[in-house]
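**Student:** compute the structure for the input listed below.
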Amino acid sequence: MKYLLRTALACSAFIPLCLMADTPKGMMLYLSNSAVVNGKEVTTSSAAVFPNDTVQTAKNHARVAYLGADVAVDEDTLIKVGADFVELNQGSLMVMDNSAQIEIHAGDVLIMPADVSPTQFQIRDVNHRLEVIAQKGDLIIKDCRGHRSLAEGKEGKRDDRTKCGAAPPDAKGPLLDTTEAKVAGGVVGAGLLIWLLQGGPSNPTPASPVQP
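**Tutor:** Reported below is the predicted structural model:
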């Protein structure tokens with residue numbers, strides 16, 4: 001009882017700190033020009049975004065910086081960010097995981113690094129056709145059919161016009177048709193890797209209604 005009383009008194013004396021402990025951790029968004037965040041145009045060079053925020057690009061690039069990982073967003077792309085994942089609704093992404101694993105959800109497909117080693121991969125989901133390139137490190141691809149690995153240097157493609165729906169986990173059929181990656185630049189724009197490696201301002205302007 002005495003311990004609980006001391007804890008309550010400590011939190012009452014430091015209410016802001018206690019509230020911050022339960023606040024979702026934000027990510028940094030860097031923009032080459034502008035983007036639409038949660039339906040509102042943002043023209044600052046950097047902004048704070050938080051779980052469940054949406055980011056949409058037009059004729060520009062964006063970069064979501066996580067602690068230990070970066071996700072570059074190509075032109076004409078729509079995503080939703082999470083604490084440790086990005087949901088790709090349309091367009092192309094490049095992911096560089098250095099010390100953190102960021103998962104990508106594209107429809108019913110989950111793409112993630114096979115282990116904690118540095119990984120670089122590209123994903124495009126356009127007109128119901130999914131393409132994934134494992135540029136550095138191996139990937140794990142999962143959907144309702146099960147899971148398989150995509151080795152470094154391999155490219156996987158899948159026609160997503162027919163969703164696997166309620167198919168059991170042991171249903172037969174490949175998740176992706178796998179081939180050698182033909183182009184080093186991959187499926188995204190040629191300038192996206194350069195943008196991914198660029199830095200940004202250190203003092204962001206929050207773009208999300210959720211404050212850190």
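**Student:** I'd assumed residue 150 was in contact with residue 156.
**Tutor:** Yes: using C-beta atoms under 8 Å, residue 156 is in contact with residue 150, at 5.1 Å. The way it works is simple: take the backbone N, C-alpha and C, and place the C-beta from them, glycine included.
**Student:** lowest-scoring secondary structure element of this protein by mean pLDDT?
**Tutor:** When each helix and strand of the chain is scored by mean pLDDT, DSSP states H and E, helix 15-21 comes last, with a mean of 37.
**Student:** ok, now how distant is residue 159 from residue 131?
**Tutor:** Taking C-beta to C-beta, to the nearest Å as the measure, residue 159 falls 11 Å from residue 131.
**Student:** compare the two (neighbour count), which wins?
**Tutor:** residue 131 (19 against 10; other C-beta atoms under 10 Å).
**Student:** between the two ends of stretch 104-118, how far is it?
**Tutor:** End-to-end span of stretch 104-118 (C-alpha to C-alpha, to the nearest Å): 16 Å.
**Student:** now do the same end-to-end measure for stretch 124-142.
**Tutor:** Using C-alpha to C-alpha, the two ends of stretch 124-142 sit 16 Å apart.
**Student:** what comes up buried for that stretch?
**Tutor:** 124-125, 130-135, 137-139, 141-142 (16 or more other C-beta atoms under 10 Å).
**Student:** same question for stretch 53-67.
**Tutor:** 53, 54, 55, 56, 57, 60, 61, 62, 63, 64, 65, 66.
**Student:** swap in stretch 138-154?
**Tutor:** For stretch 138-154, the neighbour count (16+ other C-beta under 10 Å) marks 138, 139, 141, 142, 143, 145, 150, 152, 154 as buried.
**Student:** quick one: the last one from residue 138, how far?
**Tutor:** Applying C-beta to C-beta, one obtains 9 Å for the distance of residue 154 from residue 138.
**Student:** hey, which strand is longest across the chain?
**Tutor:** strand 85-97 (DSSP state E).
**Student:** sheet-wise, list the partners of the helix or strand just after that strand with their directions.
**Tutor:** Counting by DSSP states H and E, the element after strand 85-97 in chain order, helix or strand, is strand 103-106. Strand pairing for strand 103-106, determined by DSSP bridges: strand 85-97 (parallel), strand 109-113 (antiparallel).
**Student:** for those strands, give me CSV that also has distance to residue 44 and mean neighbour count.
**Tutor:** Formatted as CSV, those follow (distance: least, C-beta to C-beta, whole Å; neighbours: other C-beta atoms under 10 Å):
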stretch, distance to residue 44, mean neighbour count
strand 85-97, 21, 21
strand 109-113, 30, 22
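**Student:** reformat those as TSV; add distance to residue 43 and mean pLDDT.
**Tutor:** Formatted as TSV, the strands paired with strand 103-106 follow (distance: least, C-beta to C-beta, whole Å; pLDDT from 0 to 100):
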stretch	distance to residue 43	mean pLDDT
strand 85-97	20	93
strand 109-113	31	93
